[in-house]
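[1] quick one, what's the 3D model for this:
(chains A, B, C and D)
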Protein chains: 2
Amino acid sequence: MTPIFKIDHTNCGDCPIRHRAVCAHCDANELEELEGIKYYRSFEAGQTIIWSGDQMNFVGSVVSGIASLTQTMEDGRTQMVGLLLPSDFVGRPGRDSAPYDVQATTDLVMCCFRKKPFEELMSSTPHIAHRLLQMTLDELDAAREWMLVLGRKTAREKIASLLSIIARRDASIHQKGNSGPIVFDLPLTREAMADYLGLTLETVSRQISALKKDEVILLEGKRHVTIPDMGRLMEEAGDDTDGGFLV
Amino acid sequence: MTPIFKIDHTNCGDCPIRHRAVCAHCDANELEELEGIKYYRSFEAGQTIIWSGDQMNFVGSVVSGIASLTQTMEDGRTQMVGLLLPSDFVGRPGRDSAPYDVQATTDLVMCCFRKKPFEELMSSTPHIAHRLLQMTLDELDAAREWMLVLGRKTAREKIASLLSIIARRDASIHQKGNSGPIVFDLPLTREAMADYLGLTLETVSRQISALKKDEVILLEGKRHVTIPDMGRLMEEAGDDTDGGFLV
DNA sequence: ATTTCCACTTGATCTCGGTCAAAGCATCTG
DNA sequence: CAGATGCTTTGACCGAGATCAAGTGGAAAT
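    Predicted coordinates:
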C-alpha cells in the first residue's frame, strides 16, 4: 500500500524529529555518540513491534508513522493505552520486559538503540535524561486527559475528543494558521478507535455517522475528514471552547 | 476528627518516606541541601491543596495521608486521575500552573519545596532528576493500568480492581506475608470511589453490597474490609491470578 | 432525647451503548 | 469477470449502569 521507506540518515542533523525526540537537547558531541549506536528499523502497518511480556533489548523513537500501545485481558478485551506519534519514545530504561503490546498502526520507521549502551549513555549525558523526563511528564498528562475521556464522556464526546486530538496534532505538524477548516486522514480503523475510546466498533461507526449528519464533520470516503468549525467540534467534545493547550 | 500531626523533622534521616520519595537516591550532601529548603504543611481531610489553573509555587512529597488529583468538566462531571500515597510527588518542575485539582482525601502532611530552588537543585543533582524520572514512569504505568479499568471493565470488576490495589498497597506497607486474609480500612468515600472508577456512587454501593453477599469481601461498618482470599478478588477484578507485579 | 447531618443503601425506571445479525462497498485474486 | 476478503454501515433488541427517589443508620449538635 505505502512504499517502504528507504531511510539511511547517517547524520542526525537531517532527522525530521531531531528537535522533538529524546535527543532534542543533545549537543553536537552527544549527538555523535548517539549516532554511533543508533540503527533504523521499518515495520509494516499491522505488524506487532513488541509483544507484552517480551524481553525488551532495545529502546527507540518513532521517526515516521503511528504506533499504538495496547493492553489485553485474558478474555480478549483490549484497551489502547497510548498512541505513539513521530518523536515519541518507545521502551523504558531500567526495565527488561515489555508491559504492553506495541503495534504499528501505519507503516512505521523507528530509530533504535540497544538498551544497554543507551542506558550507559543516559547516565553520562543529563540532557537525554532530562528530555526523557519532560516527555514522560507530557505523556502522563496525556494519559490523565484520556482517563477523563474514558471515565466520564459519552460516546459522541469520545469520538469528538479523538477527532479534535488528531486535528490538533495535524495542525501542529503542518503549522497552519488556526482558523478555517482543518482537513486530515484518519490514521486509525474504526476498530482501533473503539479500542482507544473504550467503545465497540459499531458505536464508533454510528457516532461518526451522527456527527456527519449534524455537519460537525464532513466525510469523503471513510477516512478523509474535514472539520469546518474547530470550536464546534471542541464543544461536542465537552472541552472548553477557548481551550488553547499545547501538546 | 483526627488529631493534627505535629511533625518537626529537622533531619531527613528519620523521615518515613526517605527511601521511596523523590529524595530516595540522594547522598548525605544532597540531602543536606534539600533539608535547607524544605518545609512541612498539613491539610485536613477534604481540603483542597491546589486548584486547577492556580499558580504552582511549590512542589513536594506526600509524607502521610492520601491526596487525589481530579479533573472536572464544565458541567460538573469529575474524574479522579491520580491517587497520591505517601512518598508520591506533587507538582511538575518546569510548569507554572496546575492542571488538576489536588485534594486531601484524608488528613495529610506534605514535605514541600519552593519550586524555584527545587528546580535549581534538580539541575545540579542528577540523583533527584533520576529518581523523579523513575517515579514518573511508574505513575505512567499506573495511569495506563487505570485506562484499562476505565475503558473495559464492568462495574463489579472496577470495584474489585480498586479493592485489590488498596489491599496490595496496604500489604506492601505493612510487610505482611502474602497469604492469609488481608484487612484494611477504605480511605475513600463511596463518592470518591465513584469518581475514581467512572461510576455513580449508587453503583459503587450496589457492587460493594454484591461482593459482600458473594463473600468476596467481608464488611464491618462501611469502611472496614477483610479480604479472605486475595486470589478470588483478583479473579473478580479480571486480573491474572498469578499476577505478581510490584508498585 | 431529639434533631440534624452526612455517608450510605435500596428500589423503580429509563437509556445509552453493547450484542447479534445482515448487508454494503472497496480492493485484491485467480 | 466472479469470488473472496477486510473494513464499514445499519438495524433490531437487550441489559448494565445511570437517574430519580426514598429510606437507613450512626455520629455530632442542641
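
[2] domain map for chain A?
    Structural domains assigned to chain A are A:12-146, A:153-236, following automatic domain parsing.

[3] just give me the longest helix of chain A.
    helix A:126-152 (DSSP state H).

[4] does that one reach chain B?
    Yes: interface with chain B: helix A:126-152 contributes A:126, A:129-130, A:132-134, A:136-137, A:139-141, A:143-148, A:150-152 (C-beta under 8 Å from any C-beta of the partner chain). Where you see a C-beta, it was placed from the backbone N, CA and C, and this is true even at glycine.

[5] buried members of those into PyMOL, please.
    To isolate the buried subset of the residues of helix A:126-152 next to chain B in PyMOL, counting by 16 or more other C-beta atoms under 10 Å in any protein chain shown, use the following:
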select buried, chain A and resi 129+130+132+133+134+136+137+139+140+141+143+144+145+146+147+148+150+151+152
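
[6] distance of the residue nearest the centre of chain A from chain B?
    Centroid-nearest residue in chain A, with C-alpha atoms, centre = their mean: A:Leu84, separated by 2.5 Å. Note on A:Leu84: its distance to chain B, by C-beta to the nearest C-beta, to the nearest Å, is 13 Å.

[7] contacts for the host helix or strand of A:Cys111?
    Per DSSP states H and E: A:Cys111 is located in strand A:108-114. The contact list for strand A:108-114 (C-beta atoms under 8 Å, 6 or more residues apart in numbering or on different chains) reads A:5, A:7, A:15, A:17, A:21, A:34, A:37-45, A:47, A:49, A:57-67, A:90, A:121.

[8] where in chain A is pLDDT low?
    Across chain A, the ranges flagged by pLDDT under 70 are A:1-10, A:173, A:175-179, A:241-247.

[9] where do the strands of it begin and end?
    A:38-43, A:48-50, A:58-64, A:67-72, A:78-84, A:89-90, A:101-104, A:108-114, A:182-185, A:218-220, A:224-227 (DSSP state E).

[10] the first one to strand A:108-114, inter-axis angle?
    Looking back up the chat, that one is strand A:38-43. Computed by axes from the mean of the first three to the mean of the last three C-alpha atoms, to 10 degrees, the angle separating strand A:38-43 from strand A:108-114 equals 140 degrees.

[11] let's see strand A:38-43 as PDB, backbone CA atoms only.
    Output of strand A:38-43 as PDB, limited to C-alpha atoms (Å, rounded to 0.1, in the frame of the first residue of the first chain):
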ATOM      1  CA  LYS A  38      21.600   4.000  16.500                       C
ATOM      2  CA  TYR A  39      20.100   1.900  13.800                       C
ATOM      3  CA  TYR A  40      16.800   2.100  11.900                       C
ATOM      4  CA  ARG A  41      14.000  -0.400  11.700                       C
ATOM      5  CA  SER A  42      10.900  -0.400   9.500                       C
ATOM      6  CA  PHE A  43       7.600  -2.000  10.200                       C
END
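
[12] ok, back up a step: mind giving me the packing neighbours of the longest helix of chain A?
    Under the contact definition 3 or more C-beta pairs under 8 Å, 6 or more residues apart in numbering or on different chains; DSSP states H and E, helix A:126-152 sits against strand A:78-84, helix A:115-124, helix A:155-174, strand B:67-72, strand B:78-84, helix B:126-152.

[13] quick check: angle from that helix to helix B:115-124?
    130 degrees.

[14] contact partners for the spatially closest residue to A:Ile208 that is not a sequence neighbour?
    By the measure of C-beta to C-beta, 6 or more residues apart in numbering or on different chains, the closest residue to A:Ile208 outside its immediate chain neighbours is A:Ile159, 6.1 Å from it. By C-beta under 8 Å, 6+ apart, the contact set of A:Ile159 is A:Met193, A:Leu197, A:Val204, A:Gln207, A:Ile208, A:Leu211.

[15] can you name the residues of chain A that neighbour DNA strand D?
    A:189-191, A:201-202, A:204-206, A:208-209, A:219, A:222-223 (C-beta under 7 Å from any atom of the strand).

[16] who wins for most neighbours among those residues?
    A:Val204 (24 neighbours; other C-beta atoms under 10 Å in any protein chain shown).

[17] wait, what's in contact with it?
    Here A:Val204 is in contact with A:Ala155, A:Ile159, A:Arg190, A:Met193, A:Ala194, A:Leu197 (criterion: C-beta under 8 Å, 6+ apart).

[18] could you rerun that using 10 Å?
    For A:Val204, the contacting residues are A:155, A:158-159, A:162, A:188-197, by C-beta atoms under 10 Å, 6 or more residues apart in numbering or on different chains.

[19] any idea how far it is from A:Lys222?
    Computed as C-beta to C-beta, to the nearest Å, the A:Val204 to A:Lys222 distance reads 12 Å.
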